[in-house]
Each structure stands twice: as structure tokens, then as C-alpha cells.
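> Just to be clear, the model below is a prediction. Sequence and coordinates:
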Amino acid sequence: MTFTEKAQRTAVSAALRPLLGYAAKDTDKHLPKMANRVTKMFGRVFPAKAMTAFRNGANDPENTWNRFAATVLRETDPEFLRKLLLSLGLGIYNGTKLVRANREKYKCNIPFQILFDPTSACNLRCKGCWAAEYDKHERLSFEEMDSIVTQASDLGTRVFMITGGEPLICKKELMQIAEKHNNCTFLIYTNATLIDEALVLKTKELGNVVFAISLEGFENENDARRGAGAFKRSMEAIALLQKHRILFGLSICYTSANLETVTSDAFLDYVIEQGARFIFYFHYMPVGANAVTDLLPSAHQRERMYRWLRKVRAGKGGKPIFVMDFQNDGEYVGGCIAGGRNYFHINSAGDMEPCVFVHYSDSNIREHTIIEALKRPLFQAYYKGQPFNDNHLRPCPLLENPNALREVIGATGAVSTDPCAPESVESLCSKCDRYAEHWKPVAQRIWETSPHPTPKTQYYRDERKEA
């Protein structure tokens, strides 16, 4: 952290402490003031339309996002929230400037966030999950994780999503990394079975660590995929987080089997009551030798998900929880965000992959720096090929455009990173061909008949000026 950033952090921290205290006591009065301050700080980072909607919501007590903000302010520990706003808000503000500058400097994708796996080990064996098939001994050392965060932070990346395996197998090292890099934010995807009171208290102290707890629905749906007792253990962890007023959310993989449940009013109301403040929905991907293609949602189910998301997020009549779906929200970010455009993935063996679902690589952190990997053929193929479809309801080069991934892997010579059962790109993409064919006409109808945003390139992606 530079001297300027340290001074900035001190000033913002001093302003936040009383403001958060006042807002928690009287949200109707102080939310508009907070919105005005946030707009002044971050107005140049986010689109003007988004900031206007933010201010309007703050001035309307009946607005879904007003209710959401009021709940977060009242029910989150104020010191934890202050530290989180410092790491996340200032991280995005300062990091965005660096990301844009380095995109121009290096002429390649520079990500806003990076996902990495501390370990391939997991204490569950979820149906359809590739981690259940992986070697349990692959692991990143503390020094390697520290190097990833240091290199990336120097480029402007200030958000790190920690995946696996079950990342909390390495919770001691992860807390050390978060403590050392307090200008960054760490979102840990976890099955929650290893969350205990000591970890929650450490999380509360740090303020820059947030958990996304994996659920598949209520107990029956969840345990059918994750094993008997998994739901109960997750709810025990959630109760601990709620007890200590720590902000957390959920990670939900939706499939043909559980989609109806995880989008029901009953489920959403239940998890909101339990304290969840966000849900990241992930479309099931048929990755790995034992992938179950029957779990792929139908085109009808996918369309239902698309329309449901927008209903739940509506300013009027929505639910006070932030939900997003990386497949169905492609129109907000201009298509595929992988390959370093907005993020990429590093597995527990150090392989740098374009996406958490695309297990191919031509670089490894033990042999290449992050910037070297971003300039190598695989990531350059993403840089030059994005978006892979002008219809951003078909963003993915695997799921909706499998021929695009065939071309990328074929042209770059990237190899499978699966340590147990290497999968050819043809084998992987063939599992998506039928799905892509069925979704294409539905996506085209929605795209042509529904209004959709036009993301600002300076926020979502810098323009490339190529000869």
C-alpha cells in the first residue's frame, strides 16, 4: 500500500466510523447522506445511471435497495462493516485506475479479480463436482498465495475469490494473507463445515474476509448432492456468523433438479431471515469425467431464471438481498468476463486457467509471472476473441458457444489441467453442444424483444485500438 493510499484510508476510516453509527440508528435520515458521499467518492468509477439509481433508492424507504441497505447497516457489526467498506470500496477505487493504466501499458487483459484454490482437497464429495475427482494433495504454499496477491495487487487487482477444494482446510494461511493485504478483499467460497467460533472472531477482527456458503436448496435438495448432514452443518455455521453480526452470503449451483427450489419465495425468505445478504448463482457446468449432463437446466428453466432474477432485483416489489447469475447477467458486463478480462483462475497446482470452469492452461505460477501468463497465447486468444457472441445472453465459449472453446484450445495448444483424468476439449465441448443448440433460439428471442443494457466500455472493458 502506497503512502498516499494509507493517508486516504486513514481519512476515509475517520469519516466512516460516525457515519455508520448514525446510519444504523436512523437509516431513513442518514442513508441519503451516505449515498451522496459514496457518489462523490466513486462516481467516476461506476456508470452515472447506476449512481443515480443508487441515490434514488436511498431516498425512498419503500425501495428494495433502501430496505436492503437498512438491514445491512442495522444487523452488521459496525467495525466489521467499516473495515470491509475500506478494503472493498478503496480497493475498487484505486485498483480500477491501475487496471486501466496497465491494460494500456501491457496491451492485454488485466483482471479486476482473481480466483485461486489454496488446495484441491475437500471433505465432501458433491455429485457432479470435479473437486471430488481431484488429487487431494495439490496445495499452494503460503509464499505462493502471497506472491499471487502481491503481483495482482500491483496490477490493480484488489478482489480475490478463494475456491477449491474446500479452501478452509487452509484457513490459517488464508487469514494470514488477508491480514497482510488489508487493502484487498477476500471472498471465500466454502461448504461451511470448517467454520468455527475462533474463525468467525478472526474474520470479525480483520474485516476484509467474507464467506459465500454453498447451498443447493433446503435440506433434501442440498443433502442429495452434498451428502447427509451437510445442510445442518451449514446452518450451524450460519448461526455463528449471524450471532457475531458478520456479513455473509450464499453460493448456489442451480441445476435441472433444484432450480425451482432455490428460486422459490419460501427459500429466499428463509435465507434472508437467516442473515444471508447476497447470493451468487452459478449455472451447472458439465466439467470433469463424472459430470452429469442431466443436471443441465433446460432452455425453459434458463429463461425462467433470467426473468426471475430481474423480478427479484426490482426496486419495487423485489427482495432485500443482492442476487446475480454469471450466465444470465452477461448483458451487464458485455459477455464473457474470463481470460483475465475481469477475472481468471489459478488452481491448486499453480496452473493459470482462463476460467474456473475451463480447465486448460499454458502457464503456471511456478514458471511464469501473472503478467507473463496474461500475454501468453491462451489468455491472448480470450483477449482477442471476446466477446464470443454479440448476444450477451450467450456469453460463454464453453456452455453457449462450444465451437469457440474448441478453436481457442486448438489454436493455442493449451493442455488439460485435470490431474486425474485429463479431458480433451472435444470431450468437454461435446457435452454442451445440445444445450447450446436448444438455448440459442430462446436467447435470440429474448435479446431481440427485451430491453438490455449497453455497458460502458471504460468500466467493463477498455477499448482496444488495434491496427
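It's in. Note that this is a predicted model, so its numbers are computed, not measured. Numbers count the residues shown, from 1 in each chain.
> quick one, longest helix in this protein?
Once the chain is assigned using DSSP state H, the helix that runs over the most residues is helix 425-449.
> Which positions in it come out as buried?
Using 16 or more other C-beta atoms under 10 Å as the burial criterion, the residues of helix 425-449 that qualify are 425, 428-429, 431-432, 435-436, 439-440, 442-443, 446-447. All C-beta spots, glycine's among them, are computed from the backbone N, C-alpha and C.
> ok, so what distance separates Ala276 from Asp362?
Per C-beta to C-beta, to the nearest Å, Ala276 is found 38 Å from Asp362.
> Just say helix, strand or coil for Phe186.
Secondary structure assignment for Phe186 (DSSP: H, G, I helix; E, B strand; the rest coil): strand.
> Just to check, it is in contact with Val210?
Yes - applying C-beta atoms under 8 Å, one finds Phe186 in contact with Val210, separated by 7.3 Å.
> Kindly state the domain boundaries assigned to this structure.
Taking automatic domain parsing as the criterion, the chain consists of the domains 3-93, 108-456.
> Now render the ones you listed as a markdown table, adding mean pLDDT and distance to Asn102.
Output for those, formatted as a markdown table (pLDDT from 0 to 100; distance: least, C-beta to C-beta, whole Å):
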| stretch | mean pLDDT | distance to Asn102 |
| --- | --- | --- |
| domain 3-93 | 80 | 15 |
| domain 108-456 | 93 | 5 |
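> Comparing these, which comes out most buried?
Mean neighbours per residue, mean count of other C-beta atoms under 10 Å, is largest over the domains of the chain for domain 108-456, with a mean of 19.
> Leaving out sequence neighbours, find the closest residue to Arg55.
In this structure, Arg55 finds its nearest non-sequential neighbour in Ala35, 4.7 Å apart by C-beta to C-beta, 6 or more residues apart in numbering.
> Which of the helices or strands spans the one you found?
Assigned by DSSP states H and E, Ala35 belongs to helix 27-42.
> What ranges does this protein have for its strands?
113-116, 159-162, 185-190, 209-215, 248-254, 276-283, 322-325, 343-346, 352-353, 360-361, 415-416 (DSSP state E).
> Any idea which of those strands gets closest to Glu79?
Of all these, it is strand 209-215 that lies closest to Glu79, at 13.7 Å by C-beta to C-beta.
> Against which helices or strands is the closest one packed?
Using 3 or more C-beta pairs under 8 Å, 6 or more residues apart in numbering; DSSP states H and E, the elements in contact with strand 209-215 are helix 171-180, strand 185-190, helix 230-243, strand 248-254, strand 276-283.
> Work out the sheet partners of that strand and label each with its direction, please.
Sheet pairing for strand 209-215, assigned by DSSP bridges, gives strand 185-190 (parallel), strand 248-254 (parallel).
> now the ones you listed as CSV including distance to Phe231?
Output for the strands paired with strand 209-215, formatted as CSV (distance: least, C-beta to C-beta, whole Å):
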stretch, distance to Phe231
strand 185-190, 14
strand 248-254, 12
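> Pull up the gap between Ser147 and Asp294, please.
For Ser147, the distance to Asp294 - C-beta to C-beta - is 41 Å.
> on that earlier part again, roughly how far is the helix holding Ala35 from the heart of the chain?
25 Å (C-alpha atoms, centre = their mean, to the nearest Å).
> and that helix, what does it pack onto?
helix 3-25, helix 48-58, helix 64-75, helix 91-106.
> Compute the inter-axis angle for it and helix 91-106.
Put simply, helix 27-42 runs at 20 degrees to helix 91-106, going by axes from the mean of the first three to the mean of the last three C-alpha atoms, to 10 degrees.
> Go through the helices and strands packed on helix 27-42 and name the closest to Thr193.
Smallest distance to Thr193 across the helices and strands packed on helix 27-42 (C-beta to C-beta): 24.3 Å, for helix 64-75.
> Packing partners of that closest one?
Counting by 3+ C-beta pairs under 8 Å, 6+ apart, helix 64-75 packs on helix 3-25, helix 27-42, helix 48-58, strand 276-283.
> And the contacts of that helix?
Applying C-beta atoms under 8 Å, 6 or more residues apart in numbering, the external contacts of helix 64-75 come out as 20, 23-24, 27, 31, 34, 54, 57-61, 81, 245, 247, 275, 277, 313-322.
> now stretch 16-34
37, 55, 58-59, 61, 66, 69-70, 73-74, 78, 81-82, 85-86.
> from the middle of its chain, how far away would stretch 238-247 be?
Between the centre of stretch 238-247 and the centre of its chain there are 21 Å (C-alpha atoms, centre = their mean).
> Just the CA trace of it, in PDB.
Presented in PDB, the C-alpha positions along stretch 238-247 are these (Å, rounded to 0.1, in the frame of the first residue of the first chain):
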ATOM      1  CA  ILE A 238     -24.600 -19.500   9.500                       C
ATOM      2  CA  ALA A 239     -25.900 -19.200  13.100                       C
ATOM      3  CA  LEU A 240     -22.400 -18.400  14.300                       C
ATOM      4  CA  LEU A 241     -21.900 -15.700  11.700                       C
ATOM      5  CA  GLN A 242     -25.300 -14.200  12.500                       C
ATOM      6  CA  LYS A 243     -24.500 -14.300  16.200                       C
ATOM      7  CA  HIS A 244     -21.400 -12.200  15.700                       C
ATOM      8  CA  ARG A 245     -23.100 -10.000  13.100                       C
ATOM      9  CA  ILE A 246     -20.800 -10.800  10.200                       C
ATOM     10  CA  LEU A 247     -21.900 -10.100   6.700                       C
END
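> Need the residues that contact that stretch.
Under C-beta under 8 Å, 6+ apart, the answer for stretch 238-247 is 72, 75-77, 80-81, 84, 192, 195-197, 200-201, 203-204, 210-211, 213, 248, 274-277.
> residues contacting the closest residue to His300 other than its chain neighbours?
Of all residues not flanking His300 in the chain, Val442 sits nearest, at 7.9 Å (C-beta to C-beta, 6+ apart). Contacts of Val442 were listed using C-beta under 8 Å, 6+ apart, and they are Ala299, His300, Arg302, Glu303.
> out of these, which one sits closest to Glu400?
Nearest member of these to Glu400, counting by C-beta to C-beta, is Arg302, at 9.9 Å.
> if I read this right, the closest one contacts Trp308, doesn't it?
No - using C-beta under 8 Å, Arg302 is not in contact with Trp308, being 10.6 Å away.
> Tell me how far Ile371 lies from Gly156.
12 Å.
> can you check Pro320 too?
For Pro320, the distance to Gly156 equals 32 Å [C-beta to C-beta].
> same deal with Asn258?
Asn258 is 37 Å from Gly156, by C-beta to C-beta.
> check contacts around the residue lying closest to Leu268 once chain neighbours are set aside.
Leaving out its chain neighbours, the residue that sits closest to Leu268 by C-beta to C-beta, 6+ apart is Lys319, at 5.5 Å. Lys319 is in contact with Thr64, Leu268, Asp269, Ile272, Val312, counting by C-beta under 8 Å, 6+ apart.
> got it, and Met235?
So Met235 contacts Gln274 (C-beta under 8 Å, 6+ apart).
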